[in-house]
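Asks: The following block contains a protein sequence and its predicted model.
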Amino acid sequence: MNGIISDLIEEDLLLLQEKVTMLPNEGKYKETIEACNNLLEWGMTLNDPKSVLIAHLNLAASHYSIGYIEEAFKHIDAYIEICSKFGDETDKLNLYHVLFLIYDYNKDFIKAKATLEKSVILGKKLMKYNIVCNGYNHYSHICIIEENYEIALQMAKEGMKLAKLHISFNPIVELRLKMNMAKAYIGLEDFNASRSLIKEIMSNPVLEVVIREKSQFNILIGGWYAKQKLYAEAFELFTHAKELVEGYNDIYLLKEIQEERCKLCEQMKDFHLGYKVQKEYISLLKEISNQELALEALKLDIKHGIADLEKKANNDYLTGLYNRNYIETMTNEWLKQAYIKNESIVCIVFDIDHFKLINDQYGHLFGDEVIKHVGQACSNEISEQGLFGRYGGDEFVVIIKDIPTKTGKKIAEQIEHTLRNLNMNIQGKSVSITVSIGISSNTESTEMTFKDLFHFADVRLYKAKQNGRDQIFVGN
């Protein structure tokens, strides 16, 4: 039976993995992010690093796509950490791809090129030649933007060499490499070499199938004419490119095309045509503004969703206090700093006396109410510099930094006093609450972790129980 359940879970995971990789292709970024968060939760619960990696990678890519770069980098950081422990070299190659996209988006071409160099080296090692050629293509494209045409040409030629060696090569990437070579020749004002390449590209059947590439080819030829000051011919090609791009509504590419058309109208001194193109351009800018507003709204929506998820991840579902995972993570950070700065950190651990008896006598629902009221009452006693949370069951933990153990004991006494005055009523009876408390501090050992600090306090809590409950135990 367990085997059947395990198979079903594995099948669900695979379906979810497939879903998060397919949804971005449909432009459904909010749905992708929701699905990725589900996959992340499943992956962490089932200790499945592959699912966690896929979730973080697609979260990074989705946040990049809506311009939420800060959040994209957060997921890349998480991906790198998990990848270093559990990932294989293919996972690292996937990471380079997303990193490149983000650096390119931010116009950080130095980091973008450095990432592409790593991608090319690893891609060759893994014999992922399509990825390698795509890397050369991207590198060439960046060099063209930087007007470094010699290197752009060299990179495109390197990509073409690999393309000719491998039968399974992607024809679209090969076409893009040739177009980059032609752009580099145009930049170098080698019009004969660029003309030969343009003629060669013109007969490529991909242009009749992939409209995006056909529009880029028209932009290429338009640039070739413009560089030779054949402005009317260039304008005609850019107009044709505009009509093609309008078919798949890439508004940012349309903006570039319209800017070129405006410039060409000035160069032709055709002010009547220039006025018409300027009106089209202004209309397009309004459309871009509307789309960017829609993206900002989507980012805000997603940001609130992330905040809710973070709250759920950090807070205990029953009390709303910090949960064990959050307290452990934060305390470990505090302990590292305390070790460097020679600061003290006190840990107070307490649980409710005879809580099992309360549950047995009055039921688990009443037991849950007791836990909630204890948490709420003690929250008021913890200073702003402290962490207070539910460790599990009826056990609570308090971490306070930069105080001596003596002060920690006073806070424990306040908690004890508060809870003695907390009366819970059920079935006409008043149920009194007492707690047993253990206290420890980081002065007891060097380079402590939360587990060490908690263990010392928990042992003392147990001693308080042994000594008759309703008391505080400090020291050995």
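Replies: The structure has been received and is ready for your questions.

Asks: Low-confidence ranges, the stretch 201-350 of the chain, go.
Replies: Residues of the stretch 201-350 of the chain meeting the criterion pLDDT under 70: 291-313.

Asks: for it, what spans make up the helices?
Replies: Taking DSSP state H, counting those that start in this stretch to define them, one finds helices in the stretch 201-350 of the chain at 206-209, 211-227, 231-248, 251-268, 271-314, 324-341.

Asks: out of these, deepest packed?
Replies: Neighbour counts averaged per stretch over the helices of the stretch 201-350 of the chain are highest for helix 211-227, at a mean of 20; criterion: mean count of other Cβ atoms under 10 Å. Backbone N, C-alpha and C define where each C-beta goes, glycine included.

Asks: Who are the packing partners of it?
Replies: Judged by 3 or more Cβ pairs under 8 Å, 6 or more residues apart in numbering; DSSP states H and E, the packing partners of helix 211-227 are helix 171-187, helix 191-202, helix 206-209, helix 231-248, helix 251-268.

Asks: want to throw the ones you listed into TSV with distance to Gln278?
Replies: As requested, the helices and strands packed on helix 211-227 are exported to TSV (distance: least, Cβ to Cβ, whole Å):
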stretch	distance to Gln278
helix 171-187	26
helix 191-202	30
helix 206-209	30
helix 231-248	14
helix 251-268	6
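
Asks: Out of the ones you listed, flag the one nearest Ile399.
Replies: Smallest distance to Ile399 across the helices and strands packed on helix 211-227 (Cβ to Cβ): 49.2 Å, for helix 251-268.

Asks: Just the C-alpha atoms of that closest one, please, in CSV.
Replies: Provided in CSV are the C-alpha atoms of helix 251-268 (Å, rounded to 0.1, in the frame of the first residue of the first chain):
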residue,chain,number,x,y,z
ILE,A,251,5.8,46.3,-27.9
TYR,A,252,9.4,46.8,-26.8
LEU,A,253,10.7,45.7,-30.2
LEU,A,254,8.0,47.9,-31.8
LYS,A,255,9.4,50.8,-29.8
GLU,A,256,12.9,50.3,-31.2
ILE,A,257,11.5,50.0,-34.7
GLN,A,258,9.4,53.2,-34.4
GLU,A,259,12.5,55.0,-33.1
GLU,A,260,14.4,54.0,-36.1
ARG,A,261,11.6,55.0,-38.4
CYS,A,262,11.4,58.5,-36.8
LYS,A,263,15.2,58.9,-37.2
LEU,A,264,14.9,57.8,-40.9
CYS,A,265,12.1,60.4,-41.5
GLU,A,266,14.5,63.1,-40.3
GLN,A,267,17.3,61.8,-42.4
MET,A,268,15.0,61.8,-45.5
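
Asks: So which elements touch that helix?
Replies: Contacts defined by 3+ Cβ pairs under 8 Å, 6+ apart place helix 251-268 against helix 211-227, helix 231-248, helix 271-314.

Asks: mind checking how far it is from the chain centre?
Replies: 35 Å (Cα atoms, centre = their mean, to the nearest Å).

Asks: what about the stretch 1-150 of the chain, any weak spots by pLDDT?
Replies: In the stretch 1-150 of the chain (pLDDT under 70), the answer is 1-10, 24-27.

Asks: at 90 instead, please
Replies: Residue ranges of the stretch 1-150 of the chain with pLDDT under 90: 1-52, 56-87, 94-95, 97-107, 127-131, 134.

Asks: Quick check: which of the helices and strands packed on helix 211-227 is nearest to Lys111?
Replies: When those are compared by Cβ to Cβ, helix 171-187 sits nearest Lys111, at 20.5 Å.

Asks: contacts for that closest one?
Replies: Contact partners of helix 171-187, identified using Cβ atoms under 8 Å, 6 or more residues apart in numbering, comprise 130, 133-134, 136-137, 140-141, 143-144, 147, 149-150, 152-153, 155-157, 159-160, 163, 191, 193-194, 197-198, 200-201, 204, 206-207, 210, 213, 216-217, 220, 223-224, 227.

Asks: give the contact list for Ile415.
Replies: For Ile415, the contact set (Cβ under 8 Å, 6+ apart) comprises Ile348, Phe350, Cys378, Glu381, Val398, Val435, Ile437.

Asks: So for this protein, the centremost residue is which one?
Replies: Among the residues of the chain, the smallest C-alpha distance to the mean C-alpha position (Cα atoms, centre = their mean) belongs to His75, namely 2.6 Å.

Asks: Would you reformat the helices and strands packed on helix 251-268 as TSV and include distance to Ile80?
Replies: What follows is the helices and strands packed on helix 251-268, written out as TSV (distance: least, Cβ to Cβ, whole Å):
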stretch	distance to Ile80
helix 211-227	32
helix 231-248	34
helix 271-314	19
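
Asks: For Glu260, find the nearest of the ones you listed.
Replies: Across the helices and strands packed on helix 251-268, the minimum distance to Glu260, taken as Cβ to Cβ, is reached by helix 231-248, at 5.2 Å.

Asks: ok and the closest one relative to helix 251-268, angle-wise?
Replies: With axes from the mean of the first three to the mean of the last three Cα atoms, to 10 degrees defining the directions, helix 231-248 sits at 160 degrees from helix 251-268.

Asks: if we can go back for a sec, among the contacts of Ile415, which one has the lowest pLDDT?
Replies: Taking pLDDT as the measure, those have their low point at Glu381 (72).

Asks: Out of the contacts of Ile415, the closest to Leu46 would be?
Replies: Ranked by distance to Leu46 (Cβ to Cβ), the contacts of Ile415 are led by Val398 at 32.3 Å.

Asks: Counting neighbours, what do you get for that closest one?
Replies: When counting by other Cβ atoms under 10 Å, one arrives at 25 neighbours for Val398.
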